[in-house]
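this one's sequence-less:
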């Protein structure tokens, strides 16, 4: 399953050259009714270094344990993938040589050093059970979207600049605003570029297929 995900991530990274023709997703015109209680954010224990990596994916994660799972970071220039253990923040065994070429790459960025921002809700709706909790998160570090994939098959994409649920989402995505780890206004450090939401959703759906079979 890990090889499948890595292949999908690499294909996504390779396709970024065509981003100029991608359609920009817009926030919903009629957002779903707000949840009766605030959504809980999933804040991973580690992040990719945006000065080196272009794409980030957290997978095999646990909504209740931010230190469980693996973080895969892709460098845009050489198309290599570095995987980090989320419990220690260090490189997984047998990583490409580029991942240890610099001491700064041997560990991921801890959540304590990451700016606050909008995060994936731990479940796709306020009424979801633990069986619908997060399974994977995909994000392009230079775009303003994050794709949240859940165990029940729901795939929800949020703007990391406004927190809004973007248009064309699954019926299971009823939380209209992503929860924030900031006390006030939220602004992530992503740069505005063309939106590849559709591509991220296809990749996330493909990653879910082996788990649901």
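Alright, I've got the coordinates. Every value quoted in this text rests on a predicted model; they were computed, and no experiment measured them.

so where's this protein uncertain?
The chain contains residues with pLDDT under 70 at 1-37, 77-78, 128-131, 142, 168, 184-213.

show me where it has strands.
Secondary structure of the chain by DSSP state E: the strands cover 46-47, 53-59, 70-75, 81-85, 109-110, 134-140, 145-150, 155-159.

quick one: the second one to strand 134-140, angle?
Per axes from the mean of the first three to the mean of the last three CA atoms, to 10 degrees, the angle that strand 53-59 makes with strand 134-140 is 170 degrees.

which strands border strand 53-59, and is each parallel or antiparallel?
Strand 53-59 has these partner strands in its sheet, going by DSSP bridges: strand 70-75 (antiparallel), strand 134-140 (antiparallel).

need the ones you listed in CSV (columns: mean neighbour count and distance to residue 101).
(C-beta placed from N, C-alpha, C; glycine too.) What follows is the strands paired with strand 53-59, written out as CSV (neighbours: other CB atoms under 10 Å; distance: least, CB to CB, whole Å):
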stretch, mean neighbour count, distance to residue 101
strand 70-75, 23, 10
strand 134-140, 24, 23
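
do you know which of these lies nearest residue 42?
For the strands paired with strand 53-59, the distance to residue 42 is smallest for strand 134-140, at 5.4 Å, taking CB to CB.

now that closest one and strand 145-150, what's the angle there?
Going by the same axes, to 10 degrees, strand 134-140 makes 160 degrees with strand 145-150.

how about residue 82, what does it touch?
Counting by CB atoms under 8 Å, 6 or more residues apart in numbering, residue 82 makes contact with 53, 72, 73, 74, 75, 91, 95, 96, 98, 99, 105.

skip the chain neighbours and tell me the closest residue to residue 152.
The spatially closest residue to residue 152, leaving aside those adjacent along the chain, is residue 132, at 4.0 Å (CB to CB, 6 or more residues apart in numbering).
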